[in-house]
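**Q** just a sequence and a predicted model for now, questions to come.
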Amino acid sequence: MPKSLVIFSGGQDSTTCLFMALKRGDEVRTIGFSYGQRHGAELRCRQRILNAIRAQFPDLASRLGEDTLAELPAIGALAPSALTSSAPIEERPGSLPTSFVPGRNLAFICHAAAHAYGLGIHNLILGVGQADSSGYPDCTAPAMAAMQEAISLGIGTPFTIEAPLMSLSKAQTWELAEAVGGAALVRLILEETHTCYLGDRSARHDWGYGCGACPACRLRERGWREYLSRRGGSPL
Ligand code: ZN
């Protein structure tokens, strides 16, 4: 049985990747990182998502293995970002948004590979994408290809990095969730995953929880609206 380690944040994208890997038959382990982020909302969603998958999709539960939460506080201490401080979250035309955390995904991949090596796993899956992204350079296909080569050379074992959402828009990611897990998975993602940069879960919108105003919420809402309109606006 193929084995994969999913870098699982508790957001929509990594939850979709996790489900895809389980559905295709992988034996899956998950890893998440506490890196000094400005709120813990996403991390608090992780166990609820894992529990919900086990409860709602019992045929997949036997392949869903142990979860690991690793502490990487150095990223929060060293990387200047609005996601690791209380700085304003701003999109800046012509440059990267203040929500970019330099080195974050690179550090995640290195640490995930170290963990995977010990588990005898050589396939890493993560939910990065460049289609609808904020232009983060560590979410691109060239960055993933370079990291795959770097960890393979540096650890001395061939690794593969899968980024199944790389070319998908947010609307297509919702469509993918429906294709692999039906309405039940779409509802699980709506209810249990977290996207909002501010960690706001006080309001439940039709697209999920969030402040509704930050770039992450606006992207999630826009993708949801496009997804609904493509399916003729019909309810799930
Ligand atoms: Zn928000």
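**A** That came through fine. Residues are numbered from 1 along each chain as shown.

**Q** quickly find the element holding residue 19.
**A** Counting by DSSP states H and E, the element that carries residue 19 is helix 12-23.

**Q** chain center to that helix: distance?
**A** Taking C-alpha atoms, centre = their mean, to the nearest Å, one finds helix 12-23 lying 9 Å from the centre of the chain it belongs to.

**Q** do stretch 15-33 as well
**A** Per C-alpha atoms, centre = their mean, the centroid offset for stretch 15-33 relative to its chain is 11 Å.

**Q** count the residues that sit near residue 213.
**A** Other residues lying near residue 213 total 14 when counted by other C-beta atoms under 10 Å. Where C-beta positions appear, they are placed from N, C-alpha and C, glycine not excepted.

**Q** let's verify it: helix, strand, or coil?
**A** Following DSSP: H, G, I helix; E, B strand; the rest coil, the label given to residue 213 is coil.

**Q** rewinding a little: ok, and what's touching the helix holding residue 19?
**A** Under the criterion C-beta atoms under 8 Å, 6 or more residues apart in numbering, residues 4, 6-8, 28, 30, 49, 53, 57, 60, 63-64, 125-129, 162, 164-165, 170, 173, 176-177, 180-181, 185, 188-189, 192-193, 195, 208, 220 lie in contact with helix 12-23.

**Q** next one: stretch 62-76
**A** Identification of contacts with stretch 62-76 by C-beta under 8 Å, 6+ apart yields 1, 8, 22, 25-37, 43, 46-47, 50, 53-54, 84, 101, 103-104, 107-108, 111, 115.

**Q** alpha carbons of the least confident helix or strand in the chain by mean pLDDT, as PDB, please.
**A** Ranked by mean pLDDT, DSSP states H and E, the weakest helix or strand in the chain is helix 73-78, scoring a mean of 91. Output of helix 73-78 as PDB, limited to C-alpha atoms (Å, rounded to 0.1, in the frame of the first residue of the first chain):
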ATOM      1  CA  PRO A  73       8.600  28.600  16.900                       C
ATOM      2  CA  ALA A  74      11.700  29.900  15.200                       C
ATOM      3  CA  ILE A  75       9.700  30.700  12.100                       C
ATOM      4  CA  GLY A  76       7.400  33.000  14.100                       C
ATOM      5  CA  ALA A  77      10.400  34.600  15.800                       C
ATOM      6  CA  LEU A  78      12.500  35.100  12.800                       C
END
